[in-house]
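Peer 1: need a structure here:
(chains A, B, C and D)
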2 protein chains.
Amino acid sequence: MKREGASTPNALLGLLSLGPMSGYDIRQMVLRTIGHFWSESYGQIYPGLKSLAAAGLVEKKTERKKGKPDRNLYSITLEGRERLQEWLRAPVSEDVARIELLLKLFFGAHVSTSVNREHVISNMESHQQALKVYLATGKQLRRDKANDPSLRYWLMTLNYGRHHSAAMLKWCRETLAEFDEMESKRKRRQ
Amino acid sequence: MKREGASTPNALLGLLSLGPMSGYDIRQMVLRTIGHFWSESYGQIYPGLKSLAAAGLVEKKTERKKGKPDRNLYSITLEGRERLQEWLRAPVSEDVARIELLLKLFFGAHVSTSVNREHVISNMESHQQALKVYLATGKQLRRDKANDPSLRYWLMTLNYGRHHSAAMLKWCRETLAEFDEMESKRKRRQ
DNA sequence: GGGTGCATGTAATGGGTTACATGATTCT
DNA sequence: AGAATCATGTAACCCATTACATGCACCC
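Peer 2: Numbers count the residues shown, from 1 in each chain, chains lettered A, B, ... in the order given. I've put the predicted structure just below:
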């Protein structure tokens, strides 16, 4: 009877709370702003907007411009805002993340250390890349959104990413050192 | 044409590489050993074992014991081991984790700081708890599995958890301090 | 003429959890 | 008598991605 979960409609409401948007805009927004901890595909967005509209939580207005394709602009209603706040106040549902890297590593003894090493290295690279992005968007936000009341919250999510990626880099380096040790031990025995 | 994903059968093969097990055993194993980064439900395990058996990657033997319910013991075949190694060698497919806490925080300006603070606090508590578990199981593994060739790999996954939770605790403390600051600013203005 | 970006949507498919259904044994 | 643990499995449902389908405008 309790469903719980279903955060996609809430994500949509959240994004529309920043201003009216089309489904296409939402997709771009997701990629540019919350992309490092959230994803939404068109297959979720368009049907999601439709059902939110049917529930009266958002309103649709079709915008016609010569020379450009029609845009369906959605804006959040008062009821939608209430629903969003309700969800924000509800406790965070935590479920176990499935981390494929760790699953492979857990069974790593079945393959050579170099295979496992490669997995760790590519993980390290993606976190190095992510760190750069976090720092850059942090700067950009502080510059462009200096007076936005949401700025602090946005920086918190960025900071989360910073801490996470920094910790992962540390772990990667330690793990690579461990592989070195394992390999030199193996060589000594030969 | 390329499906990619579908890691459940590989997880099952991995667990069975540690020794013959029933579906029930596997569930327990998942919870006790890889539970901090993986989950499998009966609804995945039993059908999964069935199709692995149909593909010849595992073998089923029914064990009958007086006074106890029948157990379907599954063991990995040679072909299954090969398939497992193939998967282990394939690159890790990384997808964006959906972190509900961050989604709520991103839209945090719509509710009071105390609501957001509560979310962060309960996150902090769960990581404190997790850290304790990591340290305890680390000790236990070093004691009980001192000669297991997989020990190093298991400790790597634990270490991942340690680093992650430690970083999250740091982030939580910083974020809580930020809330303090926001609230004292608000008071000063009143 | 062809690629890219804007724009909307659906259908197929996959992957997963939860609830349901059943039943024995052991411990309290 | 009743709860907990062992044990197996299915069905309903939910959530999500990917591929498909369409089409215009702008730039090279």
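Peer 1: Provide a list of residue ranges in chain A with pLDDT below threshold.
Peer 2: Where chain A drops to pLDDT under 70, the residues are A:1-5, A:66-68.
Peer 1: mind running it again at 90?
Peer 2: Flagging of chain A using pLDDT under 90 yields the residue ranges A:1-6, A:63-71, A:94-97, A:185-190.
Peer 1: Around DNA strand C, pick out the residues from it.
Peer 2: Proximity of chain A to DNA strand C, by CB under 7 Å from any atom of the strand, involves residues A:2, A:22-25, A:28, A:42-43, A:46-47, A:49-50, A:68-72, A:98. C-betas here are computed from N, CA, C, even on glycine.
Peer 1: The same query, at a cut-off of 6 Å, please.
Peer 2: Chain A comes close to DNA strand C at residues A:Ser22, A:Gly23, A:Tyr24, A:Tyr42, A:Gly43, A:Tyr46, A:Pro47, A:Lys68, A:Pro69, A:Asp70, A:Arg71, A:Asn72, as judged by CB under 6 Å from any atom of the strand.
Peer 1: Now the residues you listed in a markdown table, please, with extra columns for secondary structure and neighbour count.
Peer 2: Output for the residues of chain A next to DNA strand C, formatted as a markdown table (DSSP: H, G, I helix; E, B strand; the rest coil; neighbours: other CB atoms under 10 Å in any protein chain shown):
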| residue | secondary structure | neighbour count |
| --- | --- | --- |
| A:Ser22 | coil | 19 |
| A:Gly23 | helix | 20 |
| A:Tyr24 | helix | 14 |
| A:Tyr42 | helix | 12 |
| A:Gly43 | helix | 8 |
| A:Tyr46 | helix | 15 |
| A:Pro47 | helix | 12 |
| A:Lys68 | strand | 8 |
| A:Pro69 | strand | 8 |
| A:Asp70 | strand | 10 |
| A:Arg71 | strand | 17 |
| A:Asn72 | strand | 16 |
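Peer 1: Give the phi and psi angles for A:Trp171, as a check.
Peer 2: With angles defined as degrees, to the nearest 10, A:Trp171 sits at phi -60, psi -40.
Peer 1: correction: A:Glu63
Peer 2: According to degrees, to the nearest 10, A:Glu63 has phi -100, psi 120.
Peer 1: Look at it and say how many residues are nearby.
Peer 2: For A:Glu63, the neighbour count with other CB atoms under 10 Å in any protein chain shown is 12.
Peer 1: For it, which residues are in contact?
Peer 2: Contact analysis of A:Glu63 by CB atoms under 8 Å, 6 or more residues apart in numbering or on different chains lists A:Asp70, A:Arg71, A:Asn72, A:Leu73.
Peer 1: do the same with A:Leu155
Peer 2: With CB under 8 Å, 6+ apart, A:Leu155 has these contacts: A:Gly138, A:Leu141, A:Arg142.
Peer 1: Can the host helix or strand of A:Glu82 be said to contact DNA strand D?
Peer 2: Assigned by DSSP states H and E, A:Glu82 belongs to helix A:78-89. No - under the criterion of CB under 6 Å from any atom of the strand, DNA strand D is not reached by helix A:78-89; the shortest gap measures 12.5 Å.
Peer 1: separation between A:Glu79 and DNA strand C?
Peer 2: According to CB to the nearest atom of the strand, to the nearest Å, A:Glu79 stands 21 Å off from DNA strand C.
Peer 1: where exactly do the strands run in chain A?
Peer 2: Counting by DSSP state E, chain A has strands at residues A:58-65, A:68-76.
Peer 1: Pull the contacting residues for the nearest residue to A:Met182 once chain neighbours are set aside.
Peer 2: Nearest non-adjacent residue to A:Met182, counting by CB to CB, 6 or more residues apart in numbering or on different chains: A:Thr113, 5.5 Å away. Contact analysis of A:Thr113 by CB under 8 Å, 6+ apart lists A:Phe179, A:Met182, A:Glu183, A:Arg186.
Peer 1: By proximity to DNA strand D, which residue of chain A wins?
Peer 2: Closest residue of chain A to DNA strand D, CB to the nearest atom of the strand: A:Gly43 (2.4 Å).
Peer 1: Could you dump the residues of chain A next to DNA strand C into TSV and include distance to B:Gly161?
Peer 2: TSV is the format used below for the residues of chain A next to DNA strand C (distance: CB to CB, whole Å):
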residue	distance to B:Gly161
A:Ser22	41
A:Gly23	38
A:Tyr24	39
A:Tyr42	35
A:Gly43	33
A:Tyr46	38
A:Pro47	37
A:Lys68	50
A:Pro69	48
A:Asp70	50
A:Arg71	46
A:Asn72	44
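Peer 1: Out of those, which is nearest to A:Leu158?
Peer 2: Using CB to CB, A:Tyr24 is the member of the residues of chain A next to DNA strand C that lies nearest A:Leu158, at 24.9 Å.
Peer 1: Grab the nearest non-local neighbour of that closest one.
Peer 2: Nearest residue to A:Tyr24, sequence neighbours excluded (CB to CB, 6+ apart): A:Arg71, at 7.5 Å.
Peer 1: A:Thr62: neighbour count?
Peer 2: Around A:Thr62 there are 9 other residues, counting by other CB under 10 Å.
Peer 1: my guess is it contacts A:Ala53, does it?
Peer 2: No - judged on CB atoms under 8 Å, A:Thr62 makes no contact with A:Ala53 at a distance of 11.8 Å.
Peer 1: what sits against the residue positioned nearest the centre of chain A?
Peer 2: Compute the mean C-alpha point of chain A, and by CA atoms, centre = their mean the closest residue is A:Phe37, 1.8 Å away. With contacts defined as CB under 8 Å, 6+ apart, A:Phe37 is in contact with A:Thr157, A:Tyr160, A:Gly161, B:Val96, B:Ala97, B:Arg98, B:Ile99, B:Leu102, B:Leu103.
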